[in-house]
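Trainee: fold the following for me, if possible:
(2 chains)
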Amino acid sequence: MADHPFSGSSHLAGHCPMSGLAVAPNGCPVSPKAADFDPFESAYQLDPPEALRWSRDQEPVFYSPKLGYWVVSRYADVKEIFRNNQIFSPAIALEKITPVSQKAQDTLKRYDYAMNRTLVNEDEPAHMERRRALMESFTLDELKHHEPMLQSLTQEYLDRIIDNGEADLVDEMLWEIPLTVALNFLGIPEEDMDTLRKYSIAHTVNTWGRPSTEEQVAVAEAVGNFWQYAGKVLEKMRQDPSGHGWMKYAIRKQKELPEVVTDSYLHSMMMAGIVAAHETTAHASANMFRLLLENREVWEDICDNPTLIPNAVEECLRYSGSVAAWRRIATTDTRIGDTEIPEGSKLLIISASANHDDRHFENPDDLDIYRDNTTDHLTFGYGAHQCMGKNLARMEMRIFLEAFTRRLPQLELVPNQTFTFVPNTSFRGPEHLWVRWDQGQNPERRDPGILERIRTFTIGAPAPHDSARPVRVAMWQSRPKVWSA
Amino acid sequence: MVRLVLEDPRGRKLPRWTPGAHIDVVAGDFARKYSLCGDPEDPDRLQVSVLREAAGRGGSTFLHETVKAGSLIHIRGLKNHFRLDETAESYLLIAGGIGITPIIAMADRLKHLGKDYTVHYCGRARGTMAFISRLERDHSDRLHLYPASEKKRLPLSTLVGKSNAEQIYACGPERLLDALEEATSDNPEKLHIEHFTATGAVLDPAKEIGFDVVLTDSELTVHVAPDQTVLQALRAVGADIPSDCEEGICGTCEVPVAAGDIDHRDKVLTASERVENCRMMTCCSRARGEKIFLAI
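Mentor: From the prediction side, this is the model:
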């Protein structure tokens, strides 16, 4: 089987006889469920892990004819694919999953759009050389500098809505703050932030969505504008690259390592960096608030005991992360589990499904903020390409959750709202999240001191003692009675 | 020995568990690992049995003397590093002393599934061996007892040699498990064991050396100082390595080894796994030389 030639249906693998069904590129028939799988339909959009449950149990690696991708759903397989970036190259991570019309391509061309390799989709050895050259800004000590900015942004946005009694958390806060943080993190000048804000959303639809032919042109216009404007801002930053900010650091690093940090690289990185830091965190935060407010007891536990926040954030990232799936391409004939994968196969690896795999997590469908291996989740990916900004994202989400549980513990979801999602394979979060509260109950009206009692957390993954679960001893029995029961 | 039954202080359901699962009981500065026994179908309660160990780190003393009905304590987990593979047809279950706790849960499960299994249970004397009457009640036709006081010895090599069991699960003291590893060295994949004691080594910087750990997946090199564990050094550079007991018995902080000579100090890996040299426990194991390579 190892030397199975993968040259089409005339060379069938011995264990997968033909049965009149569609045939996958490895010669095996496509099962009816695999044939039906469509990540742009509501089952996957609403609940990716549930939509893949059958796959985890019956067919953990399957070919999706609708998508033209192999889909991988179990924890061990997804992690192994992330781990092995030689056999499973990230080169297609930013490829447009829906083929683009000629008209849209022409539009992008007019803007000299040249989004090239970024850290996300680059192969070795170039990738790691760049990643290491640019890593400094993500160390725990460097991230610490952003904490006060995050605290004050959160306070400011919360101040605006605190007496309203109702809000769309996405529109009024969770979409805005991560974008501002992203722009600050990159070191973008204040005066350019608003324009970049406008353009950044188009990139997601352009890359991971299914825009109609007409939409494609409009999206291409926005992406083209984004590209050009990013270039202008980059030029401006070159004038004075001193101070904090990842782009500024990269510009300084370019002087040292011009062949590692190239011009085209900086331009692509600027655009990709905004998206990477913005939408992922915005969606993850919205998913977190929705999930915790749907599980009232858990929310109340956190209000009572804020030390639970780091692990609760992590459990939300596991249970309902903002990055549901990612992509790789096989650079050689290989196999995943028992499935033969021909060279050139495109893979959609569903981290959201892996995170609910009961082969790795006990009771994976329970939201359990006391879970002590929740940090194993694959929402940040794994290995050489693991999300560089993971600790920035954690810090943001913890600060949001800390502020809300302290200042608005009575917060609740507006009942009967329908959650909608921008249809795409990878980034997942509700477009709106309506919450309400009785502003008369705001704790700060009784005790303004609450505003000052901000709890901070050590940056990085949660510590083991963060997840201790309180229990009461219901029965304490010394021997010998014990032996009988 | 005491039996502790735990419930949620707010009357909520506790996590469901499967045979082989354990929790860590936290009290003050220590956390001790106890296998769950009792009824997995009971969503409201978790049950552990705790043996009093004079030489222990105070965990068992705390649970025997300080804790009483109504006490509020903390646990971590649950987790299962001793998971029962339910796909086999026949099983040999072996327990020494308090190692019976996960084994009895497995026996219950196998009975429920209608599988072929036998339970072999050794201890000092009937009076000190937990759960005998319960085992006699529920597993009498499958049960073999070996109380040393009755001059009954567990005939390990004969047992393993004659048995056709596809899988062997064992929990008990070190020498029992060592002997089992020896007896199954032809088929090490059949054997699944869980240790419940550790030697409790503490890092002595005067006796340790520093070394480099090269992370091959992340392409980073991290220095581990003599007063640091590999786990601590990896966490300092932002690697997410889960951990649990941090004393080499639970297996949570395992990482894959790509190359290098490892000084294994854990109680998790089997002898054959150490020879394979493809994994290590970062909380306690170290490098023998100047450099090791980890596939993370």
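
Trainee: what pLDDT is listed against the nearest residue to residue B:97 once chain neighbours are set aside?
Mentor: Nearest-residue entry for residue B:97: residue B:123, 5.3 Å, with adjacent residues in sequence omitted and distances by C-beta to C-beta, 6 or more residues apart in numbering or on different chains. Just so you know, the C-beta spots here come from the backbone N, C-alpha and C atoms, and that holds for glycine as well. As summarised for this prediction, residue B:123 has a pLDDT of 93.

Trainee: how about the contacts made by residue B:123?
Mentor: For residue B:123, the contacting residues are B:96, B:97, B:129, B:146, B:147, B:148, taking C-beta atoms under 8 Å, 6 or more residues apart in numbering or on different chains as the criterion.

Trainee: just the buried ones from those?
Mentor: With neighbours counted using 16 or more other C-beta atoms under 10 Å in any protein chain shown, these contain these buried positions: B:96, B:97, B:129, B:146, B:147.

Trainee: now do the same for the last one: its pLDDT.
Mentor: According to the prediction, residue B:147 has pLDDT 95.

Trainee: now do the helices in chain B.
Mentor: When secondary structure is read from DSSP state H, chain B shows helices at B:59-61, B:100-113, B:132-139, B:156-162, B:174-183, B:230-236, B:271-276.

Trainee: compare those helices and give me the one nearest chain A.
Mentor: helix B:132-139 (4.9 Å; C-beta to the nearest C-beta).

Trainee: sort out which residues of the closest one are buried, please.
Mentor: B:132, B:134, B:135, B:139.

Trainee: picking up where we left off before, among the helices of chain B, which is the most enclosed?
Mentor: Each of the helices of chain B was assessed for mean neighbour count using mean count of other C-beta atoms under 10 Å in any protein chain shown. The highest is helix B:100-113, with a mean of 22.

Trainee: that one: how far from the chain's middle?
Mentor: 16 Å (C-alpha atoms, centre = their mean, to the nearest Å).

Trainee: show me where the stretch 151-296 of chain B has strands.
Mentor: Along the stretch 151-296 of chain B, counting by DSSP state E, counting those that start in this stretch, strands occupy B:167-172, B:191-195, B:211-215, B:220-224, B:254-259, B:262-263, B:279-281, B:286-287, B:291-294.

Trainee: which one of the ones you listed lies closest to residue A:38?
Mentor: Taking C-beta to C-beta, strand B:254-259 is the member of the strands of the stretch 151-296 of chain B nearest to residue A:38, at 35.7 Å.

Trainee: may I see the buried residues of that closest one?
Mentor: Along strand B:254-259, the positions that meet the burial threshold by neighbour count (16+ other C-beta under 10 Å) are B:254, B:255, B:257, B:258.

Trainee: what's the lowest-pLDDT member of those?
Mentor: In terms of pLDDT, residue B:254 ranks lowest among these, with 87.

Trainee: ok, now how distant is that one from chain A?
Mentor: For residue B:254, the distance to chain A (C-beta to the nearest C-beta, to the nearest Å) stands at 11 Å.

Trainee: just to check, that residue is in contact with residue B:284?
Mentor: No. The pair residue B:254 and residue B:284 does not pass the contact test of C-beta atoms under 8 Å, sitting 11.4 Å apart.

Trainee: where does pLDDT dip in the chain?
Mentor: Defaulting to chain A. Segments of chain A classed as low confidence (criterion: pLDDT under 70) are A:1-21, A:200-209, A:479-485.

Trainee: wrong one, chain B
Mentor: Low-confidence segments of chain B, defined by pLDDT under 70, are located at B:27-30, B:53-59, B:196-203, B:244-245, B:250.

Trainee: got the domain ranges for it?
Mentor: Chain B breaks down by automatic domain parsing into domains covering B:2-79, B:90-195, B:211-294.

Trainee: list the residues that contact residue B:6.
Mentor: With contacts taken as C-beta under 8 Å, 6+ apart, residue B:6 has the following neighbours: A:471, A:472, A:473, A:474, B:14, B:45, B:46, B:47, B:48, B:73, B:75.

Trainee: give me the buried subset of those.
Mentor: Members of these that pass the buried threshold by neighbour count (16+ other C-beta under 10 Å) are listed as A:471, A:472, A:473, A:474, B:14, B:45, B:46, B:47, B:48, B:73, B:75.

Trainee: just those now: which is nearest residue B:21?
Mentor: Distances from residue B:21 to those, taken as C-beta to C-beta, are shortest for residue B:46 (9.3 Å).

Trainee: what is the neighbour count of the nearest residue to residue A:61 once chain neighbours are set aside?
Mentor: For residue A:61, the nearest residue in space outside its immediate sequence neighbours is residue A:339; the separation is 4.0 Å by C-beta to C-beta, 6+ apart. Residue A:339 sits with 21 neighbouring residues when counted by other C-beta atoms under 10 Å in any protein chain shown.

Trainee: got the contact list for residue A:339?
Mentor: With C-beta under 8 Å, 6+ apart as the criterion, the residues that contact residue A:339 are A:26, A:28, A:61, A:62, A:70.

Trainee: so what's the third one bridging to?
Mentor: Spelled out, it's residue A:61. Beta-bridge pairing for residue A:61 (DSSP bridges): residue A:72.

Trainee: in strands only, show me the buried ones among the contacts of residue B:123.
Mentor: Counting by DSSP state E, the part of those found in strands is B:96, B:146, B:147.

Trainee: closest to chain A among those?
Mentor: Within these, proximity to chain A (C-beta to the nearest C-beta) peaks at residue B:147, which comes in at 13.3 Å.
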